[in-house]
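A.B. asks: Could you work out the structure for the sequence below:
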Amino acid sequence: MGDQPQTQAPIQHFPGHMAAAMRKLAERLSLADVVIEVRDARLPEISGNPDLDRLVGTRSRLLVLGREDLADPAETRRWLAWYTRVGRRAVAVDGRSQPGVGAARSALDELLRGTGPSRLIVVGIPNTGKSALINGLARRTVARTENKAGVTRQLRWLRIDPMLEIMDTPGILVPKIASTTAQWMLALTGALPRARYDPEEIATIFAGWAADHVPRAQVPDLEAFARTRGFVRRGDALDLHNAAGAYVKAFNAGTFGRFTFESPPEIGAG
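C.D. replies: This is a model prediction of the structure:
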């Protein structure tokens, strides 16, 4: 999809705990029977990490499109069909919904059938719903969840049931997000900590994207949102700084609707 006015420079985001986690993850993958990669259903390809592809190699693998409840359902169906066509096992999940998690568990049971006690490793970039998925599989809270990047910091095995252990891992981004389109989309969807971007800029870019690509959604621009939500100072001046933070939160709560920013490749296109 076409670019809007872009962020000024590539966002560098590879803090020390992510670098250390990548090294530890490489060491522990040998202990896993299956790897679950969780991506954001709104960004099925941008939210992937090529470094994880390299580390996972040929191990059994399940791709989970998390935050399915925030993505365009028709686009999610198209993505699942495309992954099936290219030979990748994939399911879409809202980790907070037990029926959605059931689809992931059924796919896992197929992969693990006849293997006995098993270990899984869950990988992905930050804030794609990894911990919510694990809690859904366990039917209890075993992994910490928050709607922000960088919550999981440690690699640890979590007992799900007598036959299954899962390792929750920190979200790991690529060292450099070179595409300005990917930068604002990852910022908007919560993969980047707020300190790494300007919410006013991100809200403005998204509103412009929505006006061009999904005008029927009638997404408000930042100024209209600020006025509607009461972010108005003395003298009728708008508090756009605080309004922008609320705008990004509202987007990730589904207030403006369900959006998918990428479409799968056309049939026959690679």
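
A.B. asks: hey, where'd the strands end up in the stretch 151-270 of the chain?
C.D. replies: Ranges of strands in the stretch 151-270 of the chain, per DSSP state E, counting those that start in this stretch, are 156-161, 164-168, 176-177.

A.B. asks: most tightly surrounded among those strands?
C.D. replies: Stretch with highest mean neighbour count among the strands of the stretch 151-270 of the chain: strand 164-168 (a mean of 22; mean count of other C-beta atoms under 10 Å). In short, each C-beta sits where N, CA and C put it, glycine included.

A.B. asks: Relative to that strand, what are the paired strands and their orientations?
C.D. replies: strand 118-123 (parallel), strand 156-161 (antiparallel) (DSSP bridges).

A.B. asks: Lowest average pLDDT across those strands?
C.D. replies: Lowest mean pLDDT within the strands paired with strand 164-168: strand 156-161, at a mean of 82.

A.B. asks: Centre of the chain to it, how far?
C.D. replies: Offset of strand 156-161 from its chain centre (C-alpha atoms, centre = their mean, to the nearest Å): 22 Å.

A.B. asks: Then stretch 53-60?
C.D. replies: Worked out by C-alpha atoms, centre = their mean, stretch 53-60 lies 20 Å from the chain centre.

A.B. asks: Same question for stretch 42-52.
C.D. replies: The answer for stretch 42-52 is 8 Å, by C-alpha atoms, centre = their mean.

A.B. asks: Going by neighbour count, which residues in that stretch are buried?
C.D. replies: Residues of stretch 42-52 classed as buried by neighbour count (16 or more other C-beta atoms under 10 Å): 42-44, 46-49, 51-52.

A.B. asks: quick one: average pLDDT of it?
C.D. replies: 89.

A.B. asks: likewise stretch 188-197?
C.D. replies: Stretch 188-197 comes out at a mean pLDDT of 89.

A.B. asks: Output that stretch in CSV with nothing but the alpha carbons.
C.D. replies: Taking Å, rounded to 0.1, in the frame of the first residue of the first chain, the C-alpha atoms of stretch 188-197 are listed here in CSV:
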residue,chain,number,x,y,z
LEU,A,188,1.3,2.5,15.6
THR,A,189,0.7,-1.2,16.4
GLY,A,190,2.8,-1.2,19.5
ALA,A,191,6.0,-3.0,18.5
LEU,A,192,8.1,0.0,19.4
PRO,A,193,8.3,1.7,22.9
ARG,A,194,6.8,5.2,22.9
ALA,A,195,10.2,6.7,23.6
ARG,A,196,11.3,5.7,20.1
TYR,A,197,8.8,7.7,18.1
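
A.B. asks: In the stretch 101-250 of the chain, where is pLDDT below threshold?
C.D. replies: Scanning the stretch 101-250 of the chain for pLDDT under 70 picks out the ranges 143-155, 174-175.

A.B. asks: Kindly recompute the last result at 80.
C.D. replies: 114-115, 139-156, 168-178 (pLDDT under 80).

A.B. asks: Could you dump the strands of the stretch 151-270 of the chain into a markdown table with distance to residue 103 added?
C.D. replies: As requested, the strands of the stretch 151-270 of the chain are arranged in a markdown table below (distance: least, C-beta to C-beta, whole Å):
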| stretch | distance to residue 103 |
| --- | --- |
| strand 156-161 | 16 |
| strand 164-168 | 17 |
| strand 176-177 | 30 |
